[in-house]
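S.K.: Quick one, fold the following:
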Amino acid sequence: MNRIILFSFVILLFPISDSFGVYQTELGDNVFIFVQSIVRNSDGVLVAYLESTKFTNLNLSGLKSFLDIEVSRGIGPVITIDGQNFQVIRRVQSQSFDSERLVASTVLYDKIDDNPTILARFAHDGYYVESGDTLESMWTFIRPVS
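M.R.: Next comes the predicted model:
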């Protein structure tokens, strides 16, 4: 019984998400990130929908460079929220599956020095896909501008 109480007390002092390096993005940070993952079967029927603002493997320097390049392409309208200007950048990634498997994370990659590099990873409980299923991930980035 004492071990259970001690374990509960430790969890309150040290939340699990902090111990696993999860980064929660919020509006007003250097960059706010929101991802939506939509899985449909070969008939177009919704299989899974996931969304998050919590990420692991967050590469802020690589992400800044990635977003600067995206904006240089003319993508990224500026909106005003409570008198502050923010730039909105969206990127949609699509993938079709040709075999059965379990997918346990949604990852945004970019090439840095010709090497595929993780910019952000949304780890989740996962979903099972079959051949013919499709995944569409919409990444939304909001960063303050002056």
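S.K.: my read is residue 69 is in a helix, agree?
M.R.: Yes. Under DSSP: H, G, I helix; E, B strand; the rest coil, residue 69 falls within a helix.
S.K.: any idea of the pLDDT on it?
M.R.: The model reports residue 69 with a pLDDT of 85.
S.K.: From residue 123, how far off is it?
M.R.: Separation of residue 69 from residue 123 (CB to CB, to the nearest Å): 26 Å. Backbone N, C-alpha and C define where each C-beta goes, glycine included.
S.K.: The two: which is more packed in?
M.R.: Here residue 69 and residue 123 are set side by side on neighbour count (other CB atoms under 10 Å), and the busier one is residue 123, at 16 against 11.
S.K.: Quick one: mean pLDDT for the host helix or strand of the more buried one?
M.R.: Taking DSSP states H and E as the definition, one finds residue 123 inside strand 115-129. Mean pLDDT, computed over strand 115-129, is 84.
S.K.: So which bits of stretch 37-48 are buried?
M.R.: Taking 16 or more other CB atoms under 10 Å as the basis for neighbour counts, the residues of stretch 37-48 that come out buried are 37, 38, 39, 40, 48.
S.K.: Can you give the distance of the helix or strand harbouring the last one from its chain's centre?
M.R.: Following DSSP H and E, one finds residue 48 within strand 46-52. Here the centre of mass of C-alpha atoms in strand 46-52, compared against the chain's by CA atoms, centre = their mean, to the nearest Å, lies 12 Å away.
S.K.: helices or strands up against the next helix-or-strand element following it?
M.R.: Stepping forward along the backbone from strand 46-52, the first helix or strand reached (DSSP H and E) is strand 54-55. Counting contacts by 3 or more CB pairs under 8 Å, 6 or more residues apart in numbering; DSSP states H and E, strand 54-55 packs against strand 23-24, strand 115-129.
S.K.: Compute the inter-axis angle for whatever helix or strand comes next after the longest one and strand 46-52.
M.R.: What it means is strand 115-129. Sequence-wise, the next helix or strand beyond strand 115-129 is strand 134-145, with elements assigned using DSSP H and E. With axes from the mean of the first three to the mean of the last three CA atoms, to 10 degrees applied, the angle from strand 134-145 to strand 46-52 works out at 20 degrees.
S.K.: thinking again about what came up before, mind listing what's buried along the strand holding residue 123?
M.R.: By neighbour count with 16+ other CB under 10 Å, strand 115-129 contains the buried residues 118, 119, 120, 121, 122, 123, 124, 127, 129.
S.K.: Thank you kindly, that will do.
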